[in-house]
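# What follows is a predicted structure for the sequence shown.
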Amino acid sequence: MQQAPPEHRGTSNAQKNTRAALTLATLNVRGFRGADDVGLSSKWRGISHTIRYEKIGILAIQESNLTEERLTQLEDAYGTRFRVLASMGPDPSRAQGIAFVLNKERTVVKEVKITEIV
């Protein structure tokens, strides 16, 4: 019996069928109203719950009305579960701003950044 050359040993012609699935969702939160005693909106507790139980990888949020202070509060409260990247408008009291919530259990968030194009 003739042996295969060393460079071909242990390889197969069959191709692997690999797939990656990522669930994307979008939500218009219509602002950051309804803050509780920690300064966080009950909407964000609901967002955290939905991301986790619906297995959402990336959630795009419209009308997020986030400020640097609110981003810090979200990081303190939910930083172990997700990362929030936001584009803030000049007036957070108006219906403006977007955010991307990345589920750390489903996405790699280490080197992700946001770039604003106006």
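Yep, that arrived. Numbering: from 1, shown residues only.

# Help me confirm that residue 83 comes into contact with residue 112.
Yes - between residue 83 and residue 112 there is a contact under Cβ atoms under 8 Å: 7.1 Å. The way it works is simple: take the backbone N, C-alpha and C, and place the C-beta from them, glycine included.

# And for the closest residue to residue 114 other than its chain neighbours, the neighbour number?
With sequence-adjacent residues excluded and distances taken as Cβ to Cβ, 6 or more residues apart in numbering, residue 114 is closest to residue 85, at 4.2 Å. Residue 85: 17 surrounding residues under other Cβ atoms under 10 Å.

# Ok, residue 100 next?
Residue 100 has 18 neighbouring residues, counting by other Cβ under 10 Å.

# picking up where we left off before, which of residue 83 and residue 112 has more neighbours?
residue 83 (17 against 12).

# Quick check: bridge partners of the more buried one?
Residue 83 forms beta bridges with residue 102, as assigned by DSSP bridges.

# Lovely, talk soon.
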